[in-house]
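A.B. asks: Give me a model of this one.
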Amino acid sequence: MTEHLLQKIIKKLDNIDKKVNEIETTMATKDDIKRLEASINSQHIENINSDDLILRNLDEIKESVRYVNRKIADTELDVHTMKKALKQ
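C.D. replies: Residues are numbered from 1 along each chain as shown. Here you go, the predicted model:
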């Protein structure tokens, strides 16, 4: 009976040992986390720089659209003035 109980305890301990070994092989280390953090920070900085570039380009496009809209409005006013002058 005692030997049977000891065998059960040994079997359970072996199972626990296997689970601990599996956890140790799959768990990230502090160095893994530090490398991942450095990589994330680097990519975050690149994303910020890309966002700034996109925003600057959008501002340039907005200014171009405003210029074109002003030109169209001026041309429409000229056309309207010419039509008015022709009718008189």
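A.B. asks: Quick one, grab the pLDDT at His80.
C.D. replies: Model confidence at His80, expressed as pLDDT, equals 95.
A.B. asks: Ala38 is in what secondary structure piece?
C.D. replies: According to DSSP states H and E, Ala38 maps onto helix 30-87.
A.B. asks: An error on my part: the question was meant for Lys18.
C.D. replies: Going by DSSP H and E, Lys18 is part of helix 2-26.
A.B. asks: Just give me the neighbour total for Lys84.
C.D. replies: 9 (other C-beta atoms under 10 Å). For every residue, glycine as well, the C-beta is placed using N, CA and C.
A.B. asks: Could you report the distance from it to Lys19?
C.D. replies: Per C-beta to C-beta, to the nearest Å, Lys84 is found 90 Å from Lys19.
A.B. asks: Check Gln7 too.
C.D. replies: On the measure of C-beta to C-beta, Gln7 and Lys19 end up 19 Å apart.
A.B. asks: And Ala28, which helix or strand is it part of?
C.D. replies: Per DSSP H and E, Ala28 falls between elements, in no helix or strand.
A.B. asks: Show the pLDDT at it.
C.D. replies: 87.
A.B. asks: Next: Lys8.
C.D. replies: Taking Lys8 on its own, its pLDDT is 92.
A.B. asks: How many residues are close by it?
C.D. replies: Residues near Lys8, counting by other C-beta under 10 Å: 10.
A.B. asks: again with Gln43
C.D. replies: 10.
A.B. asks: And for the one 4 residues further on?
C.D. replies: Neighbour count for Asn47, taken as other C-beta under 10 Å: 10.
A.B. asks: how close does it sit to Arg70?
C.D. replies: The value you get for Asn47 to Arg70, if C-beta to C-beta is used, is 35 Å.
A.B. asks: Could you do Asp51 as well?
C.D. replies: Taking C-beta to C-beta, one finds Asp51 at 29 Å from Arg70.
A.B. asks: can you pull the contacts of the spatially most central residue of the chain?
C.D. replies: Central residue of the chain (C-alpha atoms, centre = their mean): Asn47, 7.1 Å from the mean position. Listed by C-beta atoms under 8 Å, 6 or more residues apart in numbering, Asn47 has no contact partners.
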